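Engineer: Need a 3D model of the following:
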Amino acid sequence: MIWPIVIICILLAGFFYLRMRTRAENDRQDPDTGLAILDFGRAFPEEAIRAIHATADEQAYFVRLYDGKAGFMISQGHHYACHVIEAGKVNVKDAPSGQGLAVHFIDFPQLDGTYEFRTAQITAEVSLWLLDSFQPQLDLKADPSA
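Structural biologist: This is a model prediction of the structure:
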């Protein structure tokens, strides 16, 4: 009489384990942007976030800010190092894979790297954010009509 109960308990435990493993895999596929948003908000409380995209490895986030600027966050263990990209302080090139960007931060070269994204569409969107934050300085003394 006890064997059917033991078998049912083992089956229920196996079902519970498989369900939790599936849930953990699904959570792993979706980056935790909530923590990234909170960390960016603590670092720059005056900046309003419009959109955020994680890299494919979820170690870095690119942020589009409300006033047209861009931000960058990189994982440093249990927190993120946050940076607002100033106009003209970033160089961007296409990565060889086609789904990434080779980014050079003029102010913070330790953040330089090639950042891969999940899709080419996300890569294109982030590159537009970074190019929008690139505003070349005009020499108004040389050309007053500019």
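
Engineer: now stretch 89-106: mean pLDDT?
Structural biologist: Average pLDDT, stretch 89-106: 86.

Engineer: Show me what stretch 111-129 is in contact with.
Structural biologist: Contacts of stretch 111-129 from elsewhere in the structure, counted by Cβ atoms under 8 Å, 6 or more residues apart in numbering, are 51, 53, 55-57, 60, 62, 64, 70, 72, 74, 81, 83, 92, 94-95, 97-105. (Glycine included, C-beta is placed from N, CA and C.)

Engineer: Generate a PyMOL selection restricted to the buried entries among these.
Structural biologist: The command below creates a PyMOL selection of those among the contacts of stretch 111-129 that count as buried (16 or more other Cβ atoms under 10 Å):
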select buried, resi 53+55+56+60+62+64+70+72+74+81+83+92+95+99+100+101+103+105
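
Engineer: The spatially most central residue of the chain: what secondary structure?
Structural biologist: Central residue of the chain (Cα atoms, centre = their mean): Y61, 1.7 Å from the mean position. With DSSP: H, G, I helix; E, B strand; the rest coil as the basis, Y61 sits in strand.
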